[in-house]
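Student: Fold the following, please.
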Amino acid sequence: MTTQASIFLPDEIFIELTRRAPRQDERSNLIAEALRYFFATHQVMDTELALINHYAEELNQEAEDVLDYQVLR
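Tutor: Alright, predicted model coming up:
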């Protein structure tokens with residue numbers, strides 16, 4: 001099953017897309033494949049809290065580094 005969708009692309013992206021996939025069905029397949037790859041390789045962050053928790057260790061380390069730097073010696 002497929003669904004028709006209307007999207008807006010920057011001109012330079014559309015030009016490259018039509019260069020690489022001149023026919024409509026080729027463009028649809030290329031876009032679908034690119035989205036499948038993107039979805040398979042990028043995690044979904046459902047909430048801001050999930051995003052913060054995902055980066056918590058890194059953010060805490062940065063905060064500690066800043067505090068250590070500010071200590072008067």
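Student: which is the next helix or strand following the helix or strand bottoming out on mean pLDDT in the chain?
Tutor: Here the helix or strand of the chain ranked lowest by mean pLDDT, DSSP states H and E is helix 48-54, holding a mean of 85. As assigned by DSSP states H and E, the chain's next helix or strand after helix 48-54 is helix 56-70.
Student: which other helices and strands contact the helix or strand containing Ile15?
Tutor: Ile15 belongs to helix 11-20 when assigned by DSSP H and E. Counting by 3 or more C-beta pairs under 8 Å, 6 or more residues apart in numbering; DSSP states H and E, the packing neighbours recorded for helix 11-20 are helix 24-41. (Each C-beta comes from the backbone N, C-alpha and C, glycine too.)
Student: who does the helix it packs on touch, helix- and strand-wise?
Tutor: Looks like helix 24-41 contacts helix 11-20 (3+ C-beta pairs under 8 Å, 6+ apart).
Student: Poorly predicted segments of this protein, please.
Tutor: 71-73 (pLDDT under 70).
Student: Pick out the residue closest to the middle of it.
Tutor: Note on the chain: the residue nearest the mean C-alpha position is His42, at 6.7 Å, using C-alpha atoms, centre = their mean.
Student: coming back round to it: dump the C-alpha coordinates for the least confident helix or strand of the chain into PDB.
Tutor: Output of helix 48-54 as PDB, limited to C-alpha atoms (Å, rounded to 0.1, in the frame of the first residue of the first chain):
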ATOM      1  CA  GLU A  48      12.000  16.300  26.100                       C
ATOM      2  CA  LEU A  49      12.600  14.400  29.300                       C
ATOM      3  CA  ALA A  50      13.700  11.300  27.300                       C
ATOM      4  CA  LEU A  51      16.100  13.600  25.400                       C
ATOM      5  CA  ILE A  52      17.600  15.000  28.600                       C
ATOM      6  CA  ASN A  53      17.900  11.600  30.100                       C
ATOM      7  CA  HIS A  54      19.600  10.300  27.000                       C
END
